[in-house]
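Colleague: Sequence and predicted model, in that order:
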Amino acid sequence: MKIVGLMSGTSYDGVDVVAAEFEVEGDTLWLRPLGHRGLDYDEELRAEIAALLPPATTTVEAVCRLDNRLGEVFADAAAVGLELAGGRADAVVSPGQTVFHWVADGVALGTLQLGAVARVAARVGVPVLSDLRSADIAVGGQGAPLVPAFDALLLDAAAGPRAALNLGGIANLTVVAPGAPVLGYDVGPANALLDAAARRFLGQPCDVDGARAAAGRVHPGLLAALLAEPYYAAAPPKSTGKELFHAGYLDRHLTALGTPVPVDDLLATLTELTARVVAAECDRHGVAEVIAAGGGVRNPTLLRRLAALGEGRWQLRGTDELGVPAQAKEAYAFALLGWLSWHGLPGSIPSVTGATRGAVLGSWTPAGPAYPGRPTEPPRRLRIRP
């Protein structure tokens with residue numbers, strides 16, 4: 001079965017497109033990567049998305065316009081995915097662009113992704129899976145993170161405690177260990193605050209290669225204030241996003257500090273924040289290995305600091321070593337979620353999201369399969385074919 005997976009994360013800088021072929025052998029699900037492509041959003045689209053994100057105010061008209069514009073962008077991306085799949089696919093997974101994740105007192109109450117899925121389905125002519133998070137929220141879950149379903153099948157818990165780390169706008173961690181339930185949660189900001197600072201003070205979408213951060217020095221006072229964020233002390237399951245970690249959040253901390261912080265020092269401090277928060281969680285779980293993916297792996301300054309903090313306790317590696325391109329891992333994970341939903345199998349993990357049960361994720365446009373050929377048991381492991 002061939003599935004095209006799309007992913008646009010909280011960094012809202014573009015959409016990752018993958019095509020994957022799935023085959024079941026016993027209790028093993030084999031994934032053959034057929035190719036991946038990264039398609040950048042133009043500056044106008046990034047600005048439209050930024051104008052909708054909290055704490056900004058917006059209008060229903062603006063939401064409708066952006067929903068349909070994103071639908072066309074995702075339709076273009078899905079068409080690229082069909083090319084990667086050799087011109088034919090059985091399904092497309094288009095989770096959309098998250099613009100709001102409604103969490104009150106630690107409880108997820110709703111979520112909103114835009115991307116006019118009917119436009120995607122009209123373009124590619126195959127069933128498209130969307131709105132993947134709502135089913136988990138409906139049964140008491142956080143609706144995020146969902147990638148741990150992929151991590152839990154890919155990582156071998158029998159080899160000892162291991163973690164999968166995704167460095168997107170938000171840093172997500174999945175932990176597997178022998179005889180223990182899978183853990184997965186949003187740790188804190190990865191690129192979200194770094195990119196907000198780069199846009200505000202450099203006029204650039206990001207600090208390329210972490211070069212400006214590498215030239216700066218960590219500001220102890222600002223770092224201490226940022227580390228005092230209550231979210232870090234909250235127990236999982238938990239999820240967060242740019243409704244918390246946004247430019248206004250950074251502005252409040254800088255204003256409260258009362259003294260100017262040079263931009264290089266600011267970027268160095270935000271890099272240290274992400275590294276410290278992630279490393280503390282890896283240490284807490286006693287992992288021996290951390291497998292990293294996401295846009296943040298393109299930041300050598302952040303990776304060097306993470307590796308230094310873990311030295312002697314855990315080793316930092318990339319998912320490329322396992323056969324999964326680091327820049328496309330989340331898109332492959334959503335392709336897997338599409339395969340699970342197609343076969344009527346849960347894609348969320350209750351120990352990760354806090355749901356009362358695993359949920360079959362998403363809605364199909366047009367109507368999806370009647371679960372033909374559903375495996376009698378869900379797969380126990382995921383392996384990658386070269």
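Modeller: In hand now; what should we look at? Numbering: from 1, shown residues only.
Colleague: quick one, strands of the stretch 101-250 of the chain?
Modeller: For the stretch 101-250 of the chain, the strands defined by DSSP state E, counting those that start in this stretch occupy 107-114, 128-130, 162-167, 170-176, 183-189.
Colleague: Just give the strands next to the second one in its sheet, each with its orientation.
Modeller: Taking DSSP bridges as the criterion, strand 128-130 pairs within the sheet with strand 91-93 (parallel), strand 363-365 (antiparallel).
Colleague: can I get those in a markdown table with mean neighbour count?
Modeller: Backbone N, C-alpha and C define where each C-beta goes, glycine included. Listed next are the strands paired with strand 128-130 as a markdown table, based on neighbours: other CB atoms under 10 Å:
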| stretch | mean neighbour count |
| --- | --- |
| strand 91-93 | 29 |
| strand 363-365 | 18 |
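Colleague: Looking at those strands, which is nearest to A279?
Modeller: A279 lies closest, by CB to CB, to one member of those: strand 91-93, at 32.1 Å.
Colleague: Could I get the full set of helices for the protein?
Modeller: 43-52, 60-84, 117-124, 134-138, 148-154, 191-202, 211-215, 220-227, 230-233, 247-257, 263-285, 300-310, 329-342, 350-353 (DSSP state H).
Colleague: and those, which is most packed in?
Modeller: With neighbours taken as mean count of other CB atoms under 10 Å, those reach their highest mean count in helix 329-342, at a mean of 28.
Colleague: for it, packing partners?
Modeller: Identification of packing neighbours for helix 329-342 by 3 or more CB pairs under 8 Å, 6 or more residues apart in numbering; DSSP states H and E yields strand 2-7, strand 14-25, strand 28-40, strand 91-93, strand 128-130, helix 148-154.
Colleague: got JSON lines for those, with mean pLDDT too?
Modeller: Shown next, in JSON lines, are these (pLDDT from 0 to 100):
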{"stretch": "strand 2-7", "mean pLDDT": "98"}
{"stretch": "strand 14-25", "mean pLDDT": "98"}
{"stretch": "strand 28-40", "mean pLDDT": "97"}
{"stretch": "strand 91-93", "mean pLDDT": "98"}
{"stretch": "strand 128-130", "mean pLDDT": "98"}
{"stretch": "helix 148-154", "mean pLDDT": "97"}
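Colleague: Now distance to E377 too, for those, in a markdown table please.
Modeller: A markdown table is the format used below for these (distance: least, CB to CB, whole Å):
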| stretch | distance to E377 |
| --- | --- |
| strand 2-7 | 20 |
| strand 14-25 | 10 |
| strand 28-40 | 11 |
| strand 91-93 | 21 |
| strand 128-130 | 22 |
| helix 148-154 | 13 |
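Colleague: Identify whichever of the ones you listed lies nearest to A279.
Modeller: A279 sits nearest to helix 148-154 of all those, at 18.5 Å, using CB to CB.
Colleague: now the closest one: how far from the chain's centre is it?
Modeller: On the basis of CA atoms, centre = their mean, to the nearest Å, helix 148-154 sits 13 Å off its chain's mean C-alpha point.
Colleague: helices or strands next to it in the packing?
Modeller: Using 3+ CB pairs under 8 Å, 6+ apart, helix 148-154 is in contact with strand 162-167, strand 170-176, strand 183-189, helix 329-342, strand 381-384.
Colleague: Which one, of the ones you listed, ends up nearest to R32?
Modeller: strand 381-384 (7.6 Å).
Colleague: Any idea how far that closest one is from the middle of the chain?
Modeller: That offset, for strand 381-384, works out to 20 Å (CA atoms, centre = their mean).
Colleague: got the domain boundaries for the protein?
Modeller: Taking the TED database as the reference, the chain has its domains at 2-131, 149-328.
Colleague: hang on, C282 packs against L316?
Modeller: No. The criterion here is CB atoms under 8 Å, and C282 misses it with L316 at 9.1 Å.
Colleague: list the contacts for the residue nearest to N299 when sequence neighbours are not counted?
Modeller: Counting by CB to CB, 6 or more residues apart in numbering, the nearest residue to N299 once its immediate chain neighbours are dropped is G210, at 4.3 Å. Contact analysis of G210 by CB atoms under 8 Å, 6 or more residues apart in numbering lists L267, T271, N299, P300, T301, L302.
Colleague: With T271 instead?
Modeller: T271 sits next to L194, G210, A213, N299, T301, L302, R305 when contact means CB under 8 Å, 6+ apart.
Colleague: Tell me the spatial nearest neighbour of it, not counting adjacent residues.
Modeller: Among residues not flanking T271 along the chain, A213 sits closest, at 4.4 Å (CB to CB, 6+ apart).
Colleague: Which pLDDT does the model give the one you found?
Modeller: A213 carries a pLDDT value of 99.
Colleague: While we're on A158, how confident is the model there?
Modeller: For A158, the model assigns a pLDDT of 84.
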